[in-house]
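sequence plus predicted model, see below.
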Amino acid sequence: MTRHALSILLIASLAVAVPAQLKPAPKVGDKAPYKIKYTMDIQGMDVTVSLATTVEVTKVDENEVARAATSKDLKVVLGGQDLEPTPEIAPMKVVIGKDGAIKTFSGGMEGVDALRMFLTTHFFAPTAELKEGASTKSTFDKKGDFPKSTVEVAFVGAEDLNGEKALKFTQKFKEDGELGFSCDTTVWALEDGTVLKIEGAFKNLPIPAAGSEASGKITMERQKA
């Protein structure tokens, strides 16, 4: 083999996709600010919801992580008209198991199914190494308000996102039942599991205040502190 051929082989080997191995390392006090936007249809009416949320890690042990979130700058537009007054948003508290399942949940926006709304922004981070194009599937039993459901997460590849090296995944969440809530998202995260961005679409999000369900799109992006 010539030196030139050897050099080409070495360059090609360096270009081989590296498997994704998330190494979550949450610490109490860690904070991450996000901007979130929903565009949805409720009984034929176009609805837009936007808000800013700061998520803080409040407890960490070997089995679970507890997080709290506070929100501000809520804006709701119904059919082109601003909704006044805006719904109340109680501080959110959530405990998440190692497998990503929601153990306990409280708070969130009034008038909607706050838990399922939270699930549109929740990343079921895979614990095993995933090669590019590979996926992992998990099944969860109903626990409290957390529904019986399946989640499939696939690793797309590494990607630069706003100057940060991100790992890109697709995630499909499906609640059990023909009319169950579902959400398909693309997630960009750092190696430590910090979510940088989520975008996707959801169906059958219960809106008790309207006596109906909503389908639409979600975007969430971390903001610079």
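Right, received. Where do you want to start? As the structure is a prediction and not an experimental result, all values here were calculated from the model.

which residues touch residue 191?
Applying Cβ atoms under 8 Å, 6 or more residues apart in numbering to residue 191 gives the contacts 21-23, 165, 167. For every residue, glycine as well, the C-beta is placed using N, CA and C.

let's see that with 10 Å instead.
20-25, 158, 165-167 (Cβ atoms under 10 Å, 6 or more residues apart in numbering).

and the strands in the chain?
Remark: strands assigned in the chain by DSSP state E are 31-42, 45-60, 64-78, 81-82, 89-97, 102-109, 135-140, 149-161, 164-175, 182-189, 195-207, 212-222.

the third one vs strand 89-97, what angle?
Computed with axes from the mean of the first three to the mean of the last three Cα atoms, to 10 degrees, the direction of strand 64-78 lies at 140 degrees from that of strand 89-97.

which strands or helices does strand 64-78 pack on?
strand 31-42, strand 45-60, strand 89-97, strand 102-109 (3 or more Cβ pairs under 10 Å, 6 or more residues apart in numbering; DSSP states H and E).

quick check, pLDDT for residue 11.
At residue 11, the model reports a pLDDT of 32.

over to residue 38?
In this prediction, residue 38 carries a pLDDT score of 98.

my read: it touches residue 183, true?
No - with contact defined as Cβ atoms under 10 Å, residue 38 does not count as touching residue 183 (11.4 Å).

mutual contacts of the two, please.
Residues touching both residue 38 and residue 183 (Cβ under 10 Å, 6+ apart) are 117, 120-121, 202, 205, 218.

quick one: which two of those residues are the most distant?
121 and 205 (12.1 Å; Cβ to Cβ).

so what's in contact with these two at the same time?
Counting by Cβ under 10 Å, 6+ apart, the residues touching both residue 121 and residue 205 are 38, 183, 218.

looking at these, which is nearest residue 147?
Distance to residue 147, by Cβ to Cβ, is smallest for residue 183 among the shared contacts of residue 121 and residue 205, at 12.0 Å.

and the nearest residue to the closest one once chain neighbours are set aside, what does it touch?
Once flanking residues are discounted, residue 183 sits nearest to residue 202: 4.1 Å by Cβ to Cβ, 6 or more residues apart in numbering. Applying Cβ under 10 Å, 6+ apart, we find residue 202 in contact with 38, 40, 116-117, 119-120, 173, 181-185, 213-218.
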